[in-house]
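Enquirer: Make a model of this:
(chains A, B, C and D)
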Number of protein chains: 4
Amino acid sequence: MGGFFGVASKHDCVFDLFFGVDYHSHLGTRRGGMAVYGEKGFNRSIHNIENAPFRTKFENDVLTMKGNMGIGCISDFEPQPLIVKSHHGTYAITTVGKINNINEIEELLFKNGHSHFLEMSGGDINPTEMVASIINQKENFIDGIRYAQELVKGSLTFLILNEKGIYVARDLYGRTPAFIGQNDDGFCASFESFAYLNLGYRDYKELGPGEVCVMTPEGVKTLIAPGDKMRICTFLWVYYGYPSSAYEGLSVEKMRYNCGKYIAKRDNVKPDIVAGVPDSGTAHAIGYSNESGIPFSRPFIKYTPTWPRSFMPTIQSKRNLIAKMKLIPVHDLIEGKKLLLIDDSIVRGTQMRETTEFLYQSGAKEVHIRSACPPLIYGCKYLNFSRSNSEMELITRRVINRLEDHVDDEVLKQYTDPDSEKYKKMVEEIRKELKFTSLAFNRIDDLKKACEIDECKLCTYCWDGKE
Amino acid sequence: MGGFFGVASKHDCVFDLFFGVDYHSHLGTRRGGMAVYGEKGFNRSIHNIENAPFRTKFENDVLTMKGNMGIGCISDFEPQPLIVKSHHGTYAITTVGKINNINEIEELLFKNGHSHFLEMSGGDINPTEMVASIINQKENFIDGIRYAQELVKGSLTFLILNEKGIYVARDLYGRTPAFIGQNDDGFCASFESFAYLNLGYRDYKELGPGEVCVMTPEGVKTLIAPGDKMRICTFLWVYYGYPSSAYEGLSVEKMRYNCGKYIAKRDNVKPDIVAGVPDSGTAHAIGYSNESGIPFSRPFIKYTPTWPRSFMPTIQSKRNLIAKMKLIPVHDLIEGKKLLLIDDSIVRGTQMRETTEFLYQSGAKEVHIRSACPPLIYGCKYLNFSRSNSEMELITRRVINRLEDHVDDEVLKQYTDPDSEKYKKMVEEIRKELKFTSLAFNRIDDLKKACEIDECKLCTYCWDGKE
Amino acid sequence: MGGFFGVASKHDCVFDLFFGVDYHSHLGTRRGGMAVYGEKGFNRSIHNIENAPFRTKFENDVLTMKGNMGIGCISDFEPQPLIVKSHHGTYAITTVGKINNINEIEELLFKNGHSHFLEMSGGDINPTEMVASIINQKENFIDGIRYAQELVKGSLTFLILNEKGIYVARDLYGRTPAFIGQNDDGFCASFESFAYLNLGYRDYKELGPGEVCVMTPEGVKTLIAPGDKMRICTFLWVYYGYPSSAYEGLSVEKMRYNCGKYIAKRDNVKPDIVAGVPDSGTAHAIGYSNESGIPFSRPFIKYTPTWPRSFMPTIQSKRNLIAKMKLIPVHDLIEGKKLLLIDDSIVRGTQMRETTEFLYQSGAKEVHIRSACPPLIYGCKYLNFSRSNSEMELITRRVINRLEDHVDDEVLKQYTDPDSEKYKKMVEEIRKELKFTSLAFNRIDDLKKACEIDECKLCTYCWDGKE
Amino acid sequence: MGGFFGVASKHDCVFDLFFGVDYHSHLGTRRGGMAVYGEKGFNRSIHNIENAPFRTKFENDVLTMKGNMGIGCISDFEPQPLIVKSHHGTYAITTVGKINNINEIEELLFKNGHSHFLEMSGGDINPTEMVASIINQKENFIDGIRYAQELVKGSLTFLILNEKGIYVARDLYGRTPAFIGQNDDGFCASFESFAYLNLGYRDYKELGPGEVCVMTPEGVKTLIAPGDKMRICTFLWVYYGYPSSAYEGLSVEKMRYNCGKYIAKRDNVKPDIVAGVPDSGTAHAIGYSNESGIPFSRPFIKYTPTWPRSFMPTIQSKRNLIAKMKLIPVHDLIEGKKLLLIDDSIVRGTQMRETTEFLYQSGAKEVHIRSACPPLIYGCKYLNFSRSNSEMELITRRVINRLEDHVDDEVLKQYTDPDSEKYKKMVEEIRKELKFTSLAFNRIDDLKKACEIDECKLCTYCWDGKE
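Expert: Just a heads-up that it's a prediction; the model follows:
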């Protein structure tokens, strides 16, 4: 996905910028970048963070960069931030989003004038350059920013830094978040709200959908007021967000406790222990345990002291083996036990199947599986989630295809209703295929309740197909 | 502390060796090393792992090293393994331990002959070279190994690799562990028992105190039988071990649940939630919650997606600030709440004081503190723990010094008795100084019960001064 | 300055490309880059070569890049090659040149449409991106290439790689060179003619001024015929070119022998030895020695086994000291000797002054200085020479300013005539200021003769002000 | 071979040490090292310099190391300097030499006591550790140093740094050099005399054979007086030394001019030009040209702007091709020309054969070859020359084996006499085999004269077999 951080300070911003960006490390594994603006103009640094963490890679830059305003990012794809010169002058830009209509926009821009893009190795256009190019289509800078928000199909939240300040622009429908924090020296902009807490900033505001602000060391001004339509991604709470993140006033951790609680309320099995699949399943399981009184336990531990991401050395022939090596069993807590396991979601089912098998082999008597969210039936159209690339890989769709002669929108819709027979049949088929002792999914209505905000503000597309 | 891994296989051992060593990354932050023995003799690689993880640093070595036997280590101090040539022939050696009498041994060795040591940058003798030098004092190799076990005051567990096999030697009193695992291709030796589980090995044996085995791809032979006196470090379960580790048949995770359970049994406060200080406090808190029925919760989260160790960039002026930035609050779970917090131990008290302050500032109503182990009154003499360097830094000793005109062994002893008035006075003084709502320590008898093994096998020196 | 190399081969081109680019290492010290086109599209790599040589930095890329066509560069300024996507499709581009009118072109392009440039750290537009942007202004690709040649004031020679082949475009007036070589597998394009000799290519053709060719593994086609006006930089032979380079059929080494020969013919001093200031003065001195019969000798040696370029570690306080440390005296060959020293040119005079002082201190009796080219009176307008940045730093201009009340074009012109009194006065003033025993410059007519080509094809602007 | 530099200064020594060691870069390609002694004791750094130069690798160390005494080295083999702790206290040591009897010494040391060596990766004992171990055999430090000089068969010159000063010990027979320089702040020790000239030191003394001095910032004291027997390696002048080096008062450059002069005096061919094979042949050729009046010229140029050493990237399949790519022809100076080419020596003849072939292919009419030294008939026993590993690879020995039924010492001796028929036959056979137009070697008597010192001080073993 990616994340960003920006600082506009009366003093040098580099220290805060460095740690603010670093606190977005959970959102991407490919590139990190920082751009600052100071007396000597722009200074920018980008590093590959695939085999060493952001901190290691930017340690030296921190010592040489200077400036009182800066923006930075963790990027899962393109090198960022870019420094762009156009008729708007020079600015730095970093984006988080997904441009579904990149080819149409490219065509449109080539039609409008003799533009060009500097391709990345591999042949893709840098999506952030694309956004800059859209902004440059308009005579007026703010018009350009709004044009980019409107033109991009998918999602787009971004920061722009020029000599006047830092422009913070949240996605038109608020699909991804943007926050502003404040301390005595100025302001910071952040993708994750928790990123500035330990840097001495307090909450200043959460931008509304489509809102555009400009931030200077002296203050924050709204340039484009927030719209009234919001579709924030519910998956941010369920899976993607860091536990200490909060969106729309609700922390990820608490929302997950809620999910676990609602699942427990409707459950009737009596396992010996409740456990979560690390990392995101843990909090869901805590919620379940606290509601049900069934002891919470950790029958396997994720080994994090080494490289914490999915990085693995290039021993191609052993990749599968390595992938299984993250979770380490605690035999005392498995042998002869009835386990109830909660994961955030079930996508293809492969991983949960393997984990279950591994528990049976370690002596588990029963393995009950609970998913913190409803069955995933539609692939996400809005965000760059690594989780749900192809709809046909979803276990729900594979099962539905098996059960139905013909699958159309109408048929799919029936499978999204937890009270329908089709739904129950699908769940039972999944359970049998994956060899769980029992299986249940959180209900869409319970999930919405767990979010504690007006449900019309939530995007629930991947579960119910509603745009 | 440090850890090691060794493989003697019928096939190439490098893949297993790499991951086996990597699974000891939680035990050290300075150096990693691997030595293999194959058709071309010994091949050895050592890297500094202070600013990039073991995996990143050894990725290339994995591709070039070859051999069917190998040993490796994570070292908190000296470069290891060493390749030593002596009248015993050539061997590779890696050690985990603490040599308290290094100066006396040095003097002894210089007296016995014209020996030399290659000092490390900084002027220290490499303790592993020292162990090798002791082994070389005896005509017979096994005699040399036993001589090293006996001569070293402190602790010493080690692996030696030569053309005949891998020698595994556990500390004379079993202060630190050593395990052997088995698969179809051969055997592995490991400091942590969990390190080989996901590599396809099954438990073969845990060495007894002072036991020395030699391991080849074909089998394992005990060269020196285990002794009958054991003093395994109880802190391995309380704090140092990884949750999935098990020593003497008891998993760290389960022992911690036990600690929490026993604390809860004697407790009488009614907080809203129970939480652990990550990482080691977490399991203690789970045990407490499960026993008491008070909900387990995570009011702060440790930020691990970035560099997971204590590494921090070299911005000296901001070190203190940075040190505080690891734990991120979840405000939903703190504001207006009565919290009970469990940590593995209280050493100087500074960190717990700051954490408590931070919780009060985030709106906590009450902060009750529980320590999973009794008050630390004596500094460890046996292991290289970073936790308890100087006895006078211990908060217990500072408080006792304040309370007593004269402190001697007899006086100290009284403070180790949880039923004594002095003990209660000390605990109350600590509570007041650190501004906790309430404070309690696990009792030494409960701690021993939590270990589930014969208590005479446990070293409890730091709590009761018994050697 | 910079240089480039390109290969269009029936087989993989990477090995040839790597070494072909490496042979341009003498032309730049900042960046190296390679882009190849193969079955998987474009693959590009750029590295900073300021503190490690091209070979070291690209060693890994050579092993992973694949493709049968590729271009690469040594760049003294911007990161290159760029991969550009426009209505022309996708292409890679690398340039050598100097864009004097970069601001005007920028303004023109912004006026013509909503274009943008990705600024480099430091705030400059990447000149190669600028050239690409000019090319993209025209509907037709070849029209675009010619438009770039015409629009740029200064000089511009470049390579473009797309799926059809490699376009080689020499500067409109041939200020910088471009060659094509041939072997059994295809063709190569090169800035320096010698770069392909040891790679098994034979000379195919030298492009004429403004000529544009397209090169495929199968053949070379001229798309734009060469123009009839040439102004190749004479300094390429005198100083910038590598000794084994040849331009317009004349090798640098031979031209320098010629220069030395013509100076010797007019000289009348009788020194003990003749020496050149390394590196470029050496060949001039050999020519002088062979003509005059005065022994050639090396009274100081440049220390090259270490880092061969001007790179020095960042000990700011000692930079001046370090700069003097390149030339090492051979006392046997200096003490009590009359030396005649030839350098390629005298710019500010500082270095020659220091070298002379150093020789006097080492015991030299006389130090006669000869310059292989006439006095530099005008700064170069056409190429990115590091040598002649500001006209007012030229020792000639400082002396003329001292001698004249008013300096205008007419006055300057008189100082370019080696037969004028003003010229003689200037030379004597320089000699006195720099404390040489005697001083003489090569004459402009002799210099032209030394080039052995039609003198109207030579740019001699820096010496005579003729455009 | 390797080289070293040491500084004992009243002020910080690191800057001088860094550049002094760097000036020995021509003597080794594998490791560089520096050890300093200051207020905080010893600090040592060693880096691999195989793929980046000493300067690049030690740039950061220069900024962090501190101390007023230090030693450093360029090493062609083992990591150095070592820091050794023994009954002599702690000292740093670096050596240049060749230990022929390493196995016997190892055995002797193991017999004398329970010593050990830390093997290097690959299984070799670090020869510098071996030297330290010998020194540690004696009760008294100076006795130990002399014992090492006497025990080692081959050659041994070294520096030792302890808290009292820097000990400089030249080889017992002066086979390799050692110099001391002086400036206002103290003294330096150097393998090459020129290394301190540009650092502001003046010559203080050249150590005699076997001499041992101790050097402090305040003065230099001779601890062991020089012996009266000297056997300095003549090859130092002919090939190994840098042109600006001087040994026993004679510069390498001048000695090579002498060689060229004596060859020319006896020569009778009339080539168009004289050229040297870079780098070491150049000066020999200058001497020949100056004596004969035949123009000196550079028909091929070594490409040095890239990595100047023999380093080549790891494209195994193309190594041979790459090796040939160093010398670049200047066709103007070859085509139709009669060339006389001088190289320092002819070892296996392969390279000269290829160079000659390459010249014929480039159009040379005649290629006359001259060797600056006599035919190499015996392999060196004293120094780690890469040039003459195996006697049987020498072209002389291959030819002699072809010409003689039986080869013994007596027979070989005859081939060392330039006036014998056997010698003439051998030279003619070599000429024919290598396809030179003509071939001549410098005579041993002329070579000795070229050295300008008492010939009994010269080691000429490789040419005449005299020990």
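Enquirer: Could you show which parts of chain A are in contact with chain C?
Expert: Applying Cβ under 8 Å from any Cβ of the partner chain, we find that chain A lies next to chain C at A:41-45, A:82-87, A:90, A:106, A:110, A:112-123, A:125, A:129, A:132-133, A:136-138. Where C-beta positions appear, they are placed from N, C-alpha and C, glycine not excepted.
Enquirer: Among those, which ones are in helices?
Expert: A:106, A:110, A:112, A:129, A:132-133 (DSSP state H).
Enquirer: Out of these, which comes closest to B:Tyr240?
Expert: For these, the residue nearest B:Tyr240 by Cβ to Cβ is A:Glu129; the value is 49.8 Å.
Enquirer: and the closest one, what is it in contact with?
Expert: The neighbourhood of A:Glu129, defined by Cβ atoms under 8 Å, 6 or more residues apart in numbering or on different chains, consists of A:78, A:82, A:84, A:117-118, C:116, C:118.
Enquirer: and the residue in the stretch 151-300 of chain A that chain C sits nearest to, what pLDDT?
Expert: Residue nearest to chain C within the stretch 151-300 of chain A: A:Glu163 (11.2 Å; Cβ to the nearest Cβ). With respect to pLDDT, A:Glu163 has a value of 96.
Enquirer: what's the closest non-adjacent residue to it?
Expert: Closest residue to A:Glu163 apart from its sequence neighbours, by Cβ to Cβ, 6 or more residues apart in numbering or on different chains: A:Tyr37 at 6.5 Å.
Enquirer: just the CA coordinates of the helix or strand harbouring that neighbour, formatted as PDB?
Expert: Using DSSP states H and E, A:Tyr37 falls within strand A:31-38. This file holds the C-alpha atoms of strand A:31-38, laid out as PDB (Å, rounded to 0.1, in the frame of the first residue of the first chain):
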ATOM      1  CA  ARG A  31      11.300   2.000  -1.500                       C
ATOM      2  CA  GLY A  32      11.700   4.800   1.000                       C
ATOM      3  CA  GLY A  33      12.100   8.400   0.200                       C
ATOM      4  CA  MET A  34      12.500  11.900   1.800                       C
ATOM      5  CA  ALA A  35      12.500  15.300   0.300                       C
ATOM      6  CA  VAL A  36      13.200  18.500   2.300                       C
ATOM      7  CA  TYR A  37      13.100  22.100   1.300                       C
ATOM      8  CA  GLY A  38      15.400  24.600   3.000                       C
END
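Enquirer: what ranges do the strands span in the stretch 101-250 of chain A?
Expert: A:117-118, A:154-162, A:165-169, A:179-183, A:186-190, A:202-206, A:212-215, A:220-224, A:232-233, A:246-247, A:250-251 (DSSP state E, counting those that start in this stretch).
Enquirer: Would you mind telling me which of those is nearest D:Leu327?
Expert: Of the strands of the stretch 101-250 of chain A, nearest to D:Leu327 by Cβ to Cβ is strand A:117-118, at 39.3 Å.
Enquirer: Touching that closest one from outside, list them.
Expert: A:106, A:125-126, A:129-130, A:133, C:82-86, C:118, C:129.
Enquirer: Could you rerun that using 10 Å?
Expert: A:82, A:106, A:109-110, A:124-126, A:129-130, A:132-133, C:82-86, C:90, C:116-118, C:126, C:128-129, C:132 (Cβ atoms under 10 Å, 6 or more residues apart in numbering or on different chains).
Enquirer: Need the mean per-residue confidence for that strand.
Expert: 90.
Enquirer: from the middle of its chain, how far away would that strand be?
Expert: 27 Å (Cα atoms, centre = their mean, to the nearest Å).
Enquirer: my read: A:Cys213 touches A:Gly165, true?
Expert: Yes: the pair A:Cys213 / A:Gly165 is scored as a contact, 9.2 Å apart, by Cβ atoms under 10 Å.
Enquirer: what residues do the two have in common as contacts?
Expert: A:187, A:219-221.
Enquirer: Which of those has the largest number of neighbours?
Expert: A:Phe187 (27 neighbours; other Cβ atoms under 10 Å in any protein chain shown).
Enquirer: so what's it bridging to?
Expert: Under DSSP bridges, the beta-bridge partners of A:Phe187 are A:Ala8, A:Gln182.
Enquirer: Contact partners for it?
Expert: Counting by Cβ under 10 Å, 6+ apart, A:Phe187 has contacts A:6-9, A:69, A:165-166, A:168, A:180-181, A:196, A:201, A:204-205, A:213, A:215-220.
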